[in-house]
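Undergrad: Predicted coordinates and the sequence they were generated for:
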Amino acid sequence: MKLVFIYSVLLSFQITFCSAQTPVHQKNHIIKLPAAHLRKLTQSNIKGYVVFIDERGNNIELTDNTDNYQEVITPPNSPYSYYRTYPKKSLILKNEGTLFYGNAIGIDKTYDRHGRIIKKINTDSGYYFSINSLISLLRITYKIDLLKLDSRHSVSREDDDSGRLFYNVVLHTGGNTYRRLGIDGKTGSIITDETGIYVE
């Protein structure tokens, strides 16, 4: 009797454990381009492009490319955006990722037609000094909060002639002046620090 009880417990545990270990790709990530968004694109005064605010207050940019639609979703007053591409034949999400001030960050994901991940690209590769570290550096050292979106600031990921990855950060400092910082993408050290005047 005791042996039967133990076997039943182990069997129950095995079933529960196996269920919990179901591969993530089994959960399909099927997202379709909203029909309402596509209607706005077809009704747009600009051929192949539309920008509008959705019901959640997000800024939506939708572009008609040769074989797909590309959508960029930006929450209100956020430096982060989220891009998605949908093949025209299926309108099912094919690719998605995250942008910070227009730069790809994090993991770019590609899905098959069943919504399963078939490819991942780490867009932060080589940037050991992360976006969060960059945000902290500018907040503490320069009293600039990149999370408070300011269209006069810009951040870009670049590389120099030697192949060194760095952040090119341009900060509006008042009036028509700016400060440009070059920050090493690997160590976070300051490569360049210069000021200038915007030329109109």
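TA: Cool, got the structure.
Undergrad: who touches the residue nearest to the spatial centre of the chain in this structure?
TA: Closest residue to the average C-alpha location of the chain: residue 98 at 0.5 Å, with Cα atoms, centre = their mean. Contact analysis of residue 98 by Cβ atoms under 8 Å, 6 or more residues apart in numbering lists 80, 81, 82, 83, 104, 105, 106. Every C-beta, even on glycine, is put in place using the N, C-alpha and C of the backbone.
Undergrad: what's the closest of those to residue 121?
TA: residue 104 (8.7 Å; Cβ to Cβ).
Undergrad: In terms of helices and strands, where is the closest one?
TA: strand 103-111 (DSSP states H and E).
Undergrad: Break the protein down into its domains, please.
TA: By the record's domain assignment, the chain is partitioned as 26-122, 131-197 (automatic domain parsing).
Undergrad: Roughly how far does the residue nearest to the centre of the chain sit from residue 48?
TA: 24 Å (Cβ to Cβ, to the nearest Å).
Undergrad: could you point out which element follows the helix or strand of the chain with the lowest mean pLDDT?
TA: Taking mean pLDDT, DSSP states H and E as the measure, helix 2-20 is the helix or strand of the chain with the lowest mean score, a mean of 40. As assigned by DSSP H and E, the chain's next helix or strand after helix 2-20 is helix 35-42.
Undergrad: Which neighbouring elements make contact with that next one?
TA: strand 49-53, strand 59-64, strand 68-74 (3 or more Cβ pairs under 8 Å, 6 or more residues apart in numbering; DSSP states H and E).
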